[in-house]
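Colleague: need a 3D model of the sequence below.
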Amino acid sequence: MFDKILIANRGEIACRVMRTARRLGIRCVGVYADADRGARHVRLADEARRIEGYLDIDAIVAAARACGAQAIHPGYGFLSENEDFAAACGKTGVVFIGPSPEAIAAMGDKAAAKRLMEKAGVPLVPGYHGEAQDTARLEKEAARTGFPVIIKPSAGGGGKGMRIVSDKKDFLSSLEGARREAKAAFGDERVLIERYLERPRHIEVQVFGDSHGNVIHLFERDCSVQRRHQKVLEEAPAPRFDKRDEIGAAAVAAAKAIRYSGAGTVEFIAEQDGRFYFMEMNTRLQVEHPVTEMITGFDLVEWQLRVAAGEALPFRQNGISLKGHSIEARIYAEDPKRDFLPATGRLLHLAFPAESSRVRVDAGVEAGDEITPWFDPMIAKLIVHGSDRTDALARLRNALAEVQIAGVVTNVEFLRRLAASHAFASAELDTGLILRSREELFAPDGEPSDALLAAAAFAELAAEEQAARSRADRSGDPFSPWDGVDGWRLNEDSHHDFVFLDGKHEHDVRVRFVAAGLRLAIDGREHAFEGHSASGGALRLRLDGHHFNATAVREGHGWHVFCQGSSRQLALRQNVHEDDSEAVTGLLTAPMPGRIIKVMAQAGRKVAKGDPLLILEAMKMEHTITAPADGVVKELHYAAGEQVLEGAELIRLE
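Modeller: Model (predicted):
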C-alpha cells in the first residue's frame, strides 16, 4: 500500500479521498489554485502545494514528485478522464489511481466507444456514431434516425453540449450550439447523434476491475432525476427495474472489452419497459458513488487504492450482496426559481444532520467559506440509507429538514419538495420528472408560519438587547434606562413593532411587555410568548404552550430563520430602503460573472421580446440573455471572448 498520495482535485471529492486514506494510514498531499488558497481540502491535507490550475498536468506531476507521493488520485472532473495525464504519471514513475491511458482513450471518444460496445454485444440506441462530421452528413443522419434526436459531444460528459432537437428546422442552430459548447468544455467539437427516447431513465452500473483480469459489478443506480442534464437525486438500487442481472452483465462485458482496471461506471439509457442501451462509460469514480457504498458496505476509494497498488479485488461477483436502499441529494448553491442559475456568496451559516450509519454528509466547505464563480457550485452531498426505499425516503426527508444554509441561495427547499413529490415518492422516474412536475415543485411559497415570524421577532429582540448591553458597558452609566429594550412608551403599553418582509408580502409583528411576560401579535393574531437564545443563533421558544427549536442567522438587514423543517429569509421593513419606481427595462445586466461566448444582437437592429441577444458562459453552463420586450438595440458593451462581472451592463435597448 502507498505511504503518501497526491489528490489532484478539490472540494468534496478531495476531502472524501482524504477520509479513506487517513483511515489506511496514508498521508495526503493537496493541491490548490489561488482561488482555493483557504479551501477546506487544503486545510485537511497533511501538506498542500500551489498550482496555476487543476488542468496543469506538468505542475501536478511535478508536485507529486517533489513531495515524494507514490501515486495520484484524480478524483472526478478536471483530469480524471484524461489519458495524457494518466500517461504522464506512468512516465514519471507515479501511479495513476485509475484505469490505463488506453482504457480512458477507448471510452473518451463516445462515438468510437459505441462502435467498440457494438462489437462486444452491448445494446446501443439507434443513431450515428461515425467519423464524418461535416454539417450536411450530420443533418442527413439526424433525418435518417428520425426526430426527436439528441446531439452529444463525442468527448466529455456531465451534460455539457447536449442538445435535444424535436424538429428538423432547429437542427442546424442546435448543432452549432452543441459544437461550440463541446469545443469550449473538451477542446473537441465532434458530436454523435442518437434517437431521443421519450420518458427515458438514466441507469448506471458501478463496475470494478483489477490488474489480474477480474471484473465485477456492484449493482445499478438510478440517476434519472436531473436538471440541465445534470443529476440532482441518485439512488441505488434502481426501483421498479427488473433487469438487474442483464444490465450488470452488459456493464461487465463493456469493462472487459477494454481490459478495465479500477472504478468505473457504465451508463445506460433505459425505456420504461426496462429495455436499456449503452450510453457511455465514465472511467473514474462518480459523484454518486456513496449510494453504492451504502448498499454494499464497501469503501470504493479503499478499493481504488488497493487495486492501484497491485492487489486483487477482495470479492468475486457471487460474494457481493445488496443491503437495503440508499438515496443521495446534491446540495448546490443555485437558484431553482431562476432556471437553476448558479449562485455565489459566503456561507454565513452551515449545519447538517448528525452523521450515523444511516446518514452521511460529504462536504467540501465549512461555515465561513465562499462559493466562488470559478468552480462547480456544489456545497455537499447528503446520503441516507434505509431498509427499503420507503424507509430511505423518509430518512431523506427528515435529513433535508435539518439542513441549514445561510449566505447563499441554495436548492435545499427545492430538494425538500422533490423528495416529497408524488412522482418521486411513487418511483415514476424519468429524466423529465422535474419538468413534468413543475407545478408541484415550483408552486409559490405559502405564508410563513407564526412560529417562523415569532423566531424572527425574538432574534431581533435578542440582538437589540445585546446591542443595548454593549452601549451600556461603553457608557458612563451602565444602568441608564435609556439603554433598555423593554419597549417602554410614555402613556402607552410597552411594546416593539416589527414589519417583516417575505418577498413582497409584509407581516406586522408586535411584541408587548406585560407583567406575565411577553405577548405576541402576528398580523393581529395574539399569542403567549417566551424564549431563550443560545450561541450560533439557536433559539428555544414557546408559543401558546407549544415549545419548539429554531435558528436565526443575521443576513443583511434581516434574518434567515430555520424552524420546523422550513426556512425563510425575512427582511425588516425599517431596514429596507425600497425604490418603488419601475426598473429600467432597457438595461440588460450579467446575472453572474462569466465569459461572453456569442453575441447575436447588432446595434441598431430591431428585436422582439424573447429574441436571443447573447450567450454567457458561467460556472460550466451557458446562459442565453434574451430581449425582455420589443425594441431596438441601442448599445452593445461587450464582444465574444470578453469576461464580465456580475451586474455588468451587457446591452441597452430602447
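Colleague: residue 179 contacts residue 191, doesn't it?
Modeller: Yes: counting by CB atoms under 8 Å, residue 179 touches residue 191, with 6.5 Å between them. No exception for glycine: its C-beta is placed from N, CA and C like everyone else's.
Colleague: quick check: neighbours shared by the two?
Modeller: Jointly contacting residue 179 and residue 191 under the rule CB atoms under 8 Å, 6 or more residues apart in numbering are residue 161.
Colleague: so for these two, which residue has more residues nearby?
Modeller: The residue with more neighbours, out of residue 179 and residue 191, is residue 191; 24 against 21, by other CB atoms under 10 Å.
Colleague: and the pLDDT at the more buried one?
Modeller: You'll see residue 191 listed with a pLDDT of 93.
Colleague: can you list the low-confidence ranges for the chain?
Modeller: Low-confidence regions of the chain, defined here as pLDDT under 70, cover residues 157-158, 475-493, 574-587, 619-621.
Colleague: direction included, what does the longest strand along it pair up with?
Modeller: The strand of greatest length in the chain, counted in residues with DSSP state E as the criterion, is given as strand 215-227. Sheet pairing here is set by DSSP bridges, and for strand 215-227 it gives strand 201-209 (antiparallel), strand 230-236 (antiparallel).
Colleague: which SS class is residue 150?
Modeller: Local secondary structure at residue 150 is given as strand here, using DSSP: H, G, I helix; E, B strand; the rest coil.
Colleague: list the residues that contact it.
Modeller: Residues near residue 150 by CB under 8 Å, 6+ apart: 162, 163, 164, 165, 193, 194, 195, 196.
Colleague: now that we have those, which of them are buried?
Modeller: Buried residues within the contacts of residue 150, defined by neighbour count using 16 or more other CB atoms under 10 Å: 162, 163, 165, 193, 194, 195, 196.
Colleague: now the fifth one, nearest residue through space, not along the chain?
Modeller: For residue 194, the nearest residue in space outside its immediate sequence neighbours is residue 127; the separation is 3.4 Å by CB to CB, 6 or more residues apart in numbering.
Colleague: the one you found: neighbouring residues, count only.
Modeller: Applying other CB under 10 Å, we find 23 other residues in the vicinity of residue 127.
Colleague: touching, residue 214 and residue 313? I think so.
Modeller: Yes: applying CB under 8 Å, one finds residue 214 in contact with residue 313, separated by 4.9 Å.
Colleague: quick revisit: ok, the residue nearest to residue 194 - contacts?
Modeller: Shown in contact with residue 127 (CB under 8 Å, 6+ apart): 141, 145, 149, 192, 193, 194, 195.
Colleague: isn't the third one up against residue 168?
Modeller: No: counting by CB under 8 Å, residue 149 does not reach residue 168; the two are 9.6 Å apart.
Colleague: all helices for the stretch 101-250 of the chain, in order.
Modeller: 101-108, 110-119, 135-145, 171-186, 244-257 (DSSP state H, counting those that start in this stretch).
Colleague: revised request: answer the last question for the stretch 251-400 of the chain.
Modeller: If DSSP H, counting those that start in this stretch is used as the criterion, the helices of the stretch 251-400 of the chain fall at 289-296, 300-308, 389-401.
Colleague: how close does residue 627 get to residue 590?
Modeller: Using CB to CB, to the nearest Å, one gets 16 Å for the distance from residue 627 to residue 590.
Colleague: please apply the same query to residue 640.
Modeller: Taken as CB to CB, the span from residue 640 to residue 590 is 14 Å.
Colleague: what about those two, which has more around it?
Modeller: A count of neighbours by other CB under 10 Å puts residue 590 above the other of residue 640 and residue 590, at 21 against 11.
Colleague: now residue 607: closest residue in space, sequence neighbours ignored.
Modeller: Nearest in space to residue 607, with sequence neighbours left out and distances taken as CB to CB, 6+ apart, is residue 627 at 4.5 Å.
Colleague: ok, the one you found - how many residues close by?
Modeller: Should you count by other CB under 10 Å, residue 627 turns out to have 20 residues around it.
Colleague: which residues does it contact?
Modeller: Under the criterion of CB under 8 Å, 6+ apart, the contact list for residue 627 reads 607, 608, 609, 610, 611, 613, 653.
Colleague: any quick ChimeraX command for the buried ones out of these?
Modeller: This is the ChimeraX syntax for the buried subset of the contacts of residue 627, where burial follows 16+ other CB under 10 Å:
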select :607,613,653
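Colleague: just the closest of the contacts of residue 627 to residue 421, please.
Modeller: Of all these, the one with the least separation from residue 421 (CB to CB) is residue 610, at 29.2 Å.
Colleague: flag every buried residue along the host helix or strand of residue 41.
Modeller: Assigned by DSSP states H and E, residue 41 falls within helix 40-44. By neighbour count on 16+ other CB under 10 Å, the buried set for helix 40-44 is 40, 41, 42, 44.
Colleague: and stretch 555-564, what's buried?
Modeller: Within stretch 555-564, the residues that qualify as buried by neighbour count (16+ other CB under 10 Å) are 555, 558, 559, 560, 561, 562, 563.
Colleague: run the chain-centre distance for that stretch.
Modeller: The chain centre lies 23 Å from the centre of stretch 555-564; the measure is CA atoms, centre = their mean, to the nearest Å.
Colleague: what sits up against it?
Modeller: Under the contact criterion CB under 8 Å, 6+ apart, stretch 555-564 has outside partners 348-349, 401, 404, 406-407, 449, 451-452, 455-456, 459-460, 500-501, 548-554, 567-572, 575-576.
Colleague: could you do stretch 208-220 as well?
Modeller: Contacts for stretch 208-220 (CB under 8 Å, 6+ apart): 99, 203-207, 236-238, 241, 244, 247-248, 251-252, 255-256, 259-264, 292, 295-296, 298, 300, 303, 307, 310-313, 315-317, 320, 322.
Colleague: how about stretch 286-296?
Modeller: If you take CB under 8 Å, 6+ apart as the criterion, stretch 286-296 is touched by 13, 76, 204, 206, 218-219, 221, 223, 231, 234-237, 263, 265, 298-300, 320-328, 330, 360, 362, 381, 383-385.
Colleague: could you redo the last one with a cut-off of 7 Å?
Modeller: Residues from elsewhere that reach stretch 286-296, judged by CB atoms under 7 Å, 6 or more residues apart in numbering: 76, 206, 218-219, 221, 223, 231, 234-237, 265, 299-300, 320, 322-328, 360, 362, 381, 383, 385.
Colleague: ok, of the residues you listed, which come out buried?
Modeller: When the contacts of stretch 286-296 are checked for burial by 16+ other CB under 10 Å, the buried set is 76, 206, 218-219, 221, 223, 231, 234-237, 265, 299-300, 320, 324-328, 360, 362, 381, 383, 385.
Colleague: ok so, going back, sitting in strands, which of the buried residues of stretch 555-564 do you find?
Modeller: Checked against DSSP E, those include these in strands: 558, 559, 560, 561, 562, 563.
Colleague: make CSV from the residues you listed and add distance to residue 412 to it.
Modeller: CSV is the format used below for these (distance: CB to CB, whole Å):
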residue, distance to residue 412
558, 18
559, 17
560, 12
561, 14
562, 10
563, 14
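Colleague: looking at the residues you listed, which one is closest to residue 23?
Modeller: Using CB to CB, those come closest to residue 23 at residue 562, 32.7 Å.
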